[in-house]
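**Student:** Based on what follows, work out the 3D shape:
(chains A and B)
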Amino acid sequence: EAAVTQSPRNKVTVTGGNVTLSCRQTNSHNYMYWYRQDTGHGLRLIHYSYGAGNLQIGDVPDGYKATRTTQEDFFLLLELASPSQTSLYFCASSDAAGSSQNTLYFGAGTRLSVL
Amino acid sequence: AQSVTQPDARVTVSEGASLQLRCKYSYFGTPYLFWYVQYPRQGLQLLLKYYPGDPVVQGVNGFEAEFSKSNSSFHLRKASVHWSDWAVYFCAVSMTGGYKVVFGSGTRLLVSP
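**Tutor:** Presented below is the predicted three-dimensional model:
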């Protein structure tokens, strides 16, 4: 079954720590996204990509890097984590065209706490 | 740039009553519009989507939404709410031919007995 899998599901780190969130999709989709979800803000787009090696800047990119190594894998990197990055992170994928164009398929989320 | 406003952070409805959740979008052109639902401790799932065509779209579990270009709105409706509809609902917009998807802040639906 096509899916978006995120790991880890939960992560605790300290201020200044280094964190990598992983996402793998088996939907054969071109596009992948990283969002953060915070109360009162809904989902905010961090970075997105339309293929291996491509990276597009989202609406809240500060403090985050991302890398798309293959069509399936999209990573979010926090190199100097700060408490303001404590959040619930979602990865999603979508198709480029056809009847499901821009429909997002989400992973289960990664809850990150920065102490 | 496209944006979405969901003016109601929380809506409480009695079980069996009708429901409308409001969504206003800002986009120059014809957008793609979506409603997603997030049940407690889960990720987001698609409820329904609008691609240019019939302004009223049907979704899962009896939900429907109506696109209005003149009002820049895409309100979600349901005729009779069930307790299992207790969730957070997100409206989202993307450009026709683009792939950036922008979400509103969400509306938390509470269902009272």
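**Student:** can you pull the contacts of the closest residue to residue A:59 other than its chain neighbours?
**Tutor:** Spatial nearest neighbour of residue A:59, chain neighbours left out: residue A:45 (4.9 Å); criterion: C-beta to C-beta, 6 or more residues apart in numbering or on different chains. (Each C-beta comes from the backbone N, C-alpha and C, glycine too.) Applying C-beta atoms under 8 Å, 6 or more residues apart in numbering or on different chains to residue A:45 gives the contacts A:33-35, A:58-60, B:100-103.
**Student:** Centroid-nearest residue for the chain?
**Tutor:** By default, I'm working from chain A. residue A:34 (2.6 Å; C-alpha atoms, centre = their mean).
**Student:** oops, I was thinking of chain B
**Tutor:** Chain B has residue B:35 as the residue nearest its centroid, 3.6 Å off, counting by C-alpha atoms, centre = their mean.
**Student:** Tell me who's in contact with that residue.
**Tutor:** Residue B:35 neighbours (C-beta under 8 Å, 6+ apart): B:21, B:23, B:46-49, B:59, B:63, B:65, B:74, B:76, B:89-92.
**Student:** now do residue A:56
**Tutor:** Contacts of residue A:56 (C-beta under 8 Å, 6+ apart): A:47-50, B:100.
**Student:** Turn those into JSON lines, columns for distance to residue A:75 and pLDDT.
**Tutor:** Below are the contacts of residue A:56 laid out as JSON lines (distance: C-beta to C-beta, whole Å; pLDDT from 0 to 100):
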{"residue": "A:47", "distance to residue A:75": "10", "pLDDT": "96"}
{"residue": "A:48", "distance to residue A:75": "13", "pLDDT": "93"}
{"residue": "A:49", "distance to residue A:75": "10", "pLDDT": "94"}
{"residue": "A:50", "distance to residue A:75": "16", "pLDDT": "91"}
{"residue": "B:100", "distance to residue A:75": "20", "pLDDT": "83"}
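**Student:** Please indicate which of these are buried?
**Tutor:** Among the contacts of residue A:56, those scoring as buried are A:47-49, B:100 (criterion: 16 or more other C-beta atoms under 10 Å in any protein chain shown).
**Student:** ok, those vs residue A:82, which is closest?
**Tutor:** residue A:47 (17.2 Å; C-beta to C-beta).
**Student:** Name the nearest residue to the closest one, ignoring sequence neighbours.
**Tutor:** Excluding the flanking residues, the one nearest residue A:47 by C-beta to C-beta, 6+ apart is residue A:66, at 3.9 Å.
**Student:** pretty sure the one you found contacts residue A:76?
**Tutor:** Yes. Between residue A:66 and residue A:76 there is a contact under C-beta atoms under 8 Å: 5.2 Å.
**Student:** need the residues of chain B near chain A, please.
**Tutor:** Residues of chain B lying close to chain A (C-beta under 8 Å from any C-beta of the partner chain) are B:6, B:9, B:32, B:34, B:36, B:42-46, B:49, B:51, B:90, B:92, B:94, B:98-106.
**Student:** So which of the residues you listed are in strands?
**Tutor:** Taking DSSP state E, the ones among the residues of chain B next to chain A that sit in strands are B:32, B:34, B:36, B:44-46, B:49, B:90, B:92, B:94, B:101-103.
**Student:** Between strand B:44-50 and whichever helix or strand the residue nearest to the centre of chain A is part of, find me the angle.
**Tutor:** Per DSSP states H and E, residue A:34 falls inside strand A:31-38. Relative orientation of strand A:31-38 with respect to strand B:44-50: 110 degrees, computed using axes from the mean of the first three to the mean of the last three C-alpha atoms, to 10 degrees.
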